[in-house]
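**Q** Build me a model from this:
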Amino acid sequence: MKKIILYALLAFSVSLSGGTLIFKDGSKLSDIKIISIRAGGLIIEKDGARKTFPFSKIEEYFDSDMKSEESTDEMMGFCDYSVSIIDIKMPKDGKDKGEVTNCQIIYRVTRKGEKITDKVRAPYLYLYILVHDGDEYGNREIIRFYYPKEAKISSKKYDKVAVMSILSSFKRPTVWLGGSGMREGANALSKSTGEGKIEIPLKNVKNRKILAYHIEVWGNDSIVCEKDWTDFAVKAGRWWERY
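**A** Residues are numbered from 1 along each chain as shown. Below is the predicted model of the structure:
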């Protein structure tokens, strides 16, 4: 009887905005719009992105927006994790025989805590590169790259607050560790090791020598890994913060 009532409420609420879903694990998802109901699942929209949730995971639905009570990542069914960078292949400059070069980064995601789930929010990676500006005075330029595409921020400067503001966005991709249900494509991780590989085209670096780089990887809500390299002849301090 409870399932019938839930389906009826959901069907009545199709195309309405500002609702809240309560999941059986106790997590909440607020300020949603129900797009459609399909056999065994519910398609909802939030932050301009759409995802499907099976009815078997849904406990209740409310028309009101319970945003003030919205749960954290711990409650949303995402496990906490750490990231370690295993290998970085960085070219000397941004061009090789006229072609744009790539930076290759191999990393490993490891589950933390006691939460038994394979679902994690995709790590957001930011790569800052220091190069000569190309003018006669020896000025330097900082170029920022990011991965995946959803990690883009509107700020043109080094801005931790801007990054934190997009970490909980519904647009953030989900990846799975270990067993079945592995997302294919750009966000896939090795089933056996939890490793992933990123290829970043170094556009705008051009033929300029790379003087230093700084990598930040963000997990659920904070930086979980950093890596730095600086040419032995360069003294720049925490140069990326001046971006």
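
**Q** is it true that residue 87 touches residue 103?
**A** No: Residue 87 is beyond contact range of residue 103, at 11.2 Å (criterion: C-beta atoms under 8 Å). C-betas here are computed from N, CA, C, even on glycine.

**Q** which of those two has more neighbours?
**A** More crowded of residue 87 and residue 103, by other C-beta atoms under 10 Å: residue 103, with 22 against 10.

**Q** distance of the more buried one from residue 144?
**A** Going from residue 103 to residue 144 by C-beta to C-beta, to the nearest Å gives 13 Å.

**Q** How confident was the prediction at the closest residue to residue 139 other than its chain neighbours?
**A** Of all residues not flanking residue 139 in the chain, residue 133 sits nearest, at 4.0 Å (C-beta to C-beta, 6 or more residues apart in numbering). Per-residue pLDDT puts residue 133 at 76.

**Q** how about residue 133, what does it touch?
**A** For residue 133, the contacting residues are 139-141, by C-beta atoms under 8 Å, 6 or more residues apart in numbering.

**Q** picking up where we left off before, so what's in contact with residue 103 and residue 144 at the same time?
**A** In contact with both residue 103 and residue 144: residue 127, using C-beta under 8 Å, 6+ apart.

**Q** Below-threshold pLDDT in this protein: ranges please.
**A** For the chain, the stretches with pLDDT under 70 are 1-18, 64-77, 115-116, 134-138, 178-192, 243.

**Q** Apply 50 and report the result again.
**A** Counting by pLDDT under 50, the chain has low-confidence residues at 1-5, 7-9, 12-13, 68-75, 137, 179-186.

**Q** Break it down into its domains, please.
**A** Following automatic domain parsing, one finds the domains of the chain at 2-69, 80-242.

**Q** Now the terminal residues of the longest one, how far apart.
**A** The one in question is domain 80-242. 30 Å (C-alpha to C-alpha, to the nearest Å).

**Q** ok now stretch 91-105, how far from the chain's centre?
**A** On the basis of C-alpha atoms, centre = their mean, to the nearest Å, stretch 91-105 sits 25 Å off its chain's mean C-alpha point.

**Q** Stretch 99-117 now?
**A** On the basis of C-alpha atoms, centre = their mean, stretch 99-117 sits 11 Å off its chain's mean C-alpha point.

**Q** Just the endpoints, please. Distance across that stretch?
**A** Using C-alpha to C-alpha, the end-to-end distance of stretch 99-117 comes out at 42 Å.

**Q** Give me the buried positions along that stretch.
**A** Across stretch 99-117, burial judged by 16 or more other C-beta atoms under 10 Å covers 101-103, 105, 107-109, 111.

**Q** quick one: which of the residues you listed is nearest to residue 121?
**A** Using C-beta to C-beta, the shortest approach to residue 121 within the buried residues of stretch 99-117 belongs to residue 109, at 10.5 Å.

**Q** and that closest one, how far is that from residue 201?
**A** Separation of residue 109 from residue 201 (C-beta to C-beta): 23 Å.
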